[in-house]
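Participant: Could you work out the structure for the sequence below:
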Amino acid sequence: MRQKRGKKRPCNPDNWVMKKTKTLRNSGLGYVSYKSKRSVSARKIRPSCGSKCRLKCSEKIKEEVRQQLFSGFWSLGDVQRQREFIVSYSDEIKPKYRYSSTQNFRAMNRAFYFDVHNVRMRVCKQFFMATLDINARTIQTAFSKKSSTGFVAEDRRGKHNNHPTVDPEIKESVPQFINSIPRNEGDNVHSVIEKQISRHLRASPIYIPDQYVTLIQSAKKTGLPYKVHVLNHETFYDLKVFAESFGSNFNVNTERSTVTWHDIKIIRVEKQHANSFFYKTSYENEEFKEIDVRGNKRSRPRKSMPSQISSQLVLAYSKKIPLAENKKKDIKDLIQKRIIPQYY
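Facilitator: Residues are numbered from 1 along each chain as shown. Okay, the predicted model is just below:
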């Protein structure tokens with residue numbers, strides 16, 4: 001049995017674009033910046049310090065070993081562990097002379113090392129940075145995270161508490177505003193009926209309109225069932241002729257302002273005002289505005305609503321509307337091919 005998929009998908013941070021970009025960056029691989037969309041090339045070993053180096057780094061450590069050191073450093077894939085590597089393979093050296101007459105003493109020197117065949121070999125700073133393809137700022141940042149006890153502090157980027165937040169009053173006002181909007185019961189009825197029809201279509205097709213009547217009546221699982229009023233051609237009236245008999249103003253209100261129907265949110269009709277209807281263009285408005293369908297022009301006398309409405313109504317159809325010939329032909333063809341059972 002296939003598991004039903006919920007509306008909310010589970011969180012999978014490994015598939016986030018920013019997460020993938022961060023993993024590539026920390027692994028020394030090429031990536032595309034999430035913010036600037038700039039392509040950044042992969043890390044690679046830079047040329048060594050050369051033959052003039054006082055420590056003779058190039059002679060002590062061959063290119064094959066440099067490649068192993070480079071691969072091992074970037075395979076860590078975590079900026080925290082990379083900083084710990086830099087700190088653990090470098091030492092601060094106090095200079096021999098520090099002049100006491102100046103306020104700014106000479107900064108501490110640093111010695112850098114690599115482990116080669118279990119032997120700790122000292123190298124110069126240029127060789128250290130070129131082998132790992134890092135810069136002086138990376139080393140400076142690693143030492144700034146080092147505490148007095150020798151531990152490297154955790155990377156706190158994105159883990160602070162200074163995140164932008166939404167005012168609690170705004171959060172509370174959103175559900176209050178939603179709850180203040182009048183509920184349309186028709187939307188709920190429509191949703192229940194659509195679910196019932198969808199469930200039925202998964203099991204078997206619908207061939208005739210009478211099947212919809214049964215489905216609608218049985219759509220409600222609790223409470224009284226829906227009442228279905230079946231309509232025919234004698235149920236529809238020609239309202240165009242009826243509307244012309246008493247008025248056709250639907251765009252100008254009693255304040256002589258033009259009304260845009262797309263802006264209307266609520267419409268109300270009252271029995272005692274048969275010639276008018278009332279509307280609101282915002283849920284926050286307290287008062288309704290009125291539109292008199294008879295018109296507002298002073299030069300033209302207003303028409304009154306006919307006293308006997310039923311006598312003014314004319315049937316829209318005098319007989320059943322027949323099927324179009326092409327449609328009837330297609331239905332017969334489906335029956336002959338037994339796509340529609342012959343019973344129907």
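
Participant: Lowest average confidence across helices and strands of the protein, where is it?
Facilitator: Scoring the helices and strands of the chain by mean pLDDT, DSSP states H and E places helix 309-312 at the bottom, with a mean of 57.

Participant: which element follows that helix toward the C-terminus?
Facilitator: helix 325-336 (DSSP states H and E).

Participant: remind me which residues of the stretch 151-300 of the chain are low pLDDT?
Facilitator: Scanning the stretch 151-300 of the chain for pLDDT under 70 picks out the ranges 183-186, 296-300.

Participant: run the last query once more with 50
Facilitator: By pLDDT under 50, the weakly predicted segments of the stretch 151-300 of the chain are 299.

Participant: now the helices for it?
Facilitator: Taking DSSP state H, counting those that start in this stretch as the test, the helices found in the stretch 151-300 of the chain are 168-180, 185-203, 210-217, 239-244.

Participant: doesn't Y113 make contact with R120?
Facilitator: Yes: using C-beta atoms under 8 Å, R120 is in contact with Y113, at 5.1 Å. The C-beta positions use only the backbone N, C-alpha and C, and glycine is treated the same way.

Participant: how about the strands of the stretch 51-200 of the chain, start to end?
Facilitator: Secondary structure of the stretch 51-200 of the chain (DSSP state E, counting those that start in this stretch): strands at 90-93, 109-116, 119-123.

Participant: mind checking which of those strands is nearest D155?
Facilitator: Closest to D155 of the strands of the stretch 51-200 of the chain is strand 90-93 (C-beta to C-beta; 18.7 Å).

Participant: Buried ones in the closest one, by neighbour count?
Facilitator: Using 16 or more other C-beta atoms under 10 Å as the burial criterion, the residues of strand 90-93 that qualify are S90.

Participant: With stretch 267-278 instead?
Facilitator: 275-278.

Participant: Kindly format the C-alpha coordinates of it as PDB.
Facilitator: Only the C-alpha atoms of stretch 267-278 are listed here, as PDB (Å, rounded to 0.1, in the frame of the first residue of the first chain):
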ATOM      1  CA  ILE A 267     -23.000  42.300  -0.900                       C
ATOM      2  CA  ARG A 268     -26.200  42.500   1.200                       C
ATOM      3  CA  VAL A 269     -29.800  42.600   0.000                       C
ATOM      4  CA  GLU A 270     -32.800  43.500   2.200                       C
ATOM      5  CA  LYS A 271     -36.500  42.700   1.600                       C
ATOM      6  CA  GLN A 272     -37.600  46.200   2.600                       C
ATOM      7  CA  HIS A 273     -35.200  47.800   0.000                       C
ATOM      8  CA  ALA A 274     -36.200  45.800  -3.100                       C
ATOM      9  CA  ASN A 275     -34.800  48.400  -5.500                       C
ATOM     10  CA  SER A 276     -31.300  48.500  -4.000                       C
ATOM     11  CA  PHE A 277     -28.500  46.400  -2.700                       C
ATOM     12  CA  PHE A 278     -25.700  47.300  -0.300                       C
END
